[in-house]
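**Student:** Structure here, sequence nowhere to be found:
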Ligand code: ADP
């Protein structure tokens with residue numbers, strides 16, 4: 001069918017369109033009364049056509065929305081237009097519904113034309129979403145603060161316990177019986193381990209609380225720094241660490257990117273296979289408008305079903321008697337990558353070594 005110009009429409013099809021509309025359509029007069037309403041008014045708002053014609057339309061508007069509605073109507077009667085006005089309208093059963101109006105006045109006509117949609121569900125949903133987001137944000141901030149305070153305040157008494165235990169070990173080691181030496185040894189070991197846990201937890205919570213200082217980071221220089229710090233454990237493991245020449249720069253927080261590299265290289269050396277000398281290759285390239293960094297090792301590898309789990313807090317695949325560690329390192333790496341808007345993932349197979357990939361976006 002050819003599209004008709006509105007003036008060609010005969011009353012019958014026009015009336016049918018009005019009948020079919022799920023949105024309320026109407027004409028309001030400058031005398032405060034509705035002049036035309038379609039059936040949707042009754043369906044949506046539950047008032048009879050008669051009641052709608054004989055009740056001043058402003059009587060249906062929520063008292064808090066009255067001033068704004070009055071101002072809009074004045075604007076419309078003067079020939080104005082609005083497409084996004086919302087106000088609460090009272091339904092037949094007394095409940096208010098949020099309505100979104102598109103309205104147009106015609107100067108000289110003494111009336112205005114309106115199309116309204118009931119958006120109550122949407123508004124309630126948006127309110128609920130906002131409420132949940134605020135709650136989540138608050139819970140997150142509280143948790144963040146708790147983790148920081150707990151780890152920070154635990155550090156002090158722990159330092160005390162550790163130093164007196166060490167003193168006890170130094171002064172009285174060998175002077176009590178063998179069982180006492182053994183017990184003191186366990187206690188010192190426990191304190192050392194707790195120190196490592198608290199340090200790692202603090203580092204983890206700081207990633208969330210400290211402002212990031214993002215800048216162009218020279219990966220070559222950063223890596224030099226990291227390898228210097230890891231020197232003793234690399235030497236002890238007899239590991240060979242190769243850095244591919246010509247590393248590009250990355251955009252990010254230098255300290256945090258350093259923490260990522262440090263954790264990945266330390267793990268590559270730590271989780272070495274006993275039957276071969278550890279070899280680690282670090283490479284980086286400009287990819288997809290950001291920087292991709294990889295740390296590949298020839299170590300014990302990780303099974304496919306554990307490749308997500310290791311990035312979770314305390315997600316460890318081995319007992320402490322096999323490999324030392326707190327299980328926080330990769331969770332910290334993931335958090336840093338998330339904060340940078342980047343990604344971290346692993347490609348690996350048991351016995352075939354692992355390659356950890358990091359990607360951070362450019363400026
Ligand atoms: P941690 O090293 O303190 O145990 P991480 O969070 O750094 O904690 O690592 C979590 C777990 O992921 C490790 O316990 C280990 O099982 C596994 N893993 C990490 N890096 C490697 C690697 N390069 N090769 C094999 N397994 C690894």
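**Tutor:** Structure received. As the structure is a prediction and not an experimental result, all values here were calculated from the model.
**Student:** remind me which residues of the stretch 1-150 of the chain are low pLDDT?
**Tutor:** For the stretch 1-150 of the chain, applying pLDDT under 70 flags the ranges 1-10.
**Student:** Tell me which residue of it lies closest to the ligand.
**Tutor:** Across the stretch 1-150 of the chain, the shortest distance to the ligand (C-beta to the nearest ligand atom) belongs to residue 147, at 16.4 Å. C-beta: built from backbone N, CA, C; applies to glycine.
**Student:** In contact with residue 283: list those residues for me.
**Tutor:** Residue 283 makes contacts with 243, 244, 247, 293, 294, 296, as judged by C-beta atoms under 8 Å, 6 or more residues apart in numbering.
**Student:** try 6 Å
**Tutor:** By C-beta atoms under 6 Å, 6 or more residues apart in numbering, the contact set of residue 283 is 244, 294.
**Student:** Next, work out how far apart the residue of the stretch 1-150 of the chain closest to the ligand and residue 202 are.
**Tutor:** From residue 147 across to residue 202, the span is 8 Å (C-beta to C-beta, to the nearest Å).
**Student:** what does residue 72 give?
**Tutor:** Residue 72 sits 56 Å away from residue 202 when distances are taken as C-beta to C-beta.
**Student:** Give me the more crowded residue out of the two.
**Tutor:** residue 72 (20 against 16; other C-beta atoms under 10 Å).
**Student:** To which secondary structure element is the residue lying closest to the more buried one once chain neighbours are set aside assigned?
**Tutor:** In this structure, residue 72 finds its nearest non-sequential neighbour in residue 85, 5.4 Å apart by C-beta to C-beta, 6 or more residues apart in numbering. Element membership for residue 85, per DSSP states H and E: strand 81-90.
**Student:** how far does that strand sit from the chain's center?
**Tutor:** Relative to its parent chain, strand 81-90 has a centroid offset of 34 Å by C-alpha atoms, centre = their mean, to the nearest Å.
**Student:** Just name whatever secondary elements that strand is in contact with.
**Tutor:** Secondary-structure packing of strand 81-90 (3 or more C-beta pairs under 6 Å, 6 or more residues apart in numbering; DSSP states H and E): helix 66-77, strand 96-106.
**Student:** count of residues packed around the residue of the stretch 101-250 of the chain found nearest the ligand?
**Tutor:** Proximity of the stretch 101-250 of the chain to the ligand (C-beta to the nearest ligand atom) peaks at residue 200, 7.5 Å away. Residue 200 is flanked by 20 other residues according to other C-beta under 10 Å.
**Student:** isn't there a helix covering it?
**Tutor:** Yes - counting by DSSP: H, G, I helix; E, B strand; the rest coil, residue 200 is located in a helix.
**Student:** Skip the chain neighbours and tell me the closest residue to it.
**Tutor:** With sequence-adjacent residues excluded and distances taken as C-beta to C-beta, 6+ apart, residue 200 is closest to residue 328, at 3.9 Å.
**Student:** Could you give the number of residues near the one you found?
**Tutor:** Residue 328: 21 neighbours (other C-beta under 10 Å).
**Student:** And it, what's its pLDDT?
**Tutor:** For residue 328, the pLDDT comes out at 94.
**Student:** roughly how far apart are it and the ligand?
**Tutor:** 6 Å (C-beta to the nearest ligand atom, to the nearest Å).
**Student:** isn't that residue right next to residue 198, touching?
**Tutor:** No - the criterion here is C-beta atoms under 6 Å, and residue 328 misses it with residue 198 at 10.4 Å.
**Student:** Give the buried residues for the strand holding residue 85.
**Tutor:** Buried positions in strand 81-90, judged by neighbour count with 16 or more other C-beta atoms under 10 Å: 85, 87, 88, 89, 90.
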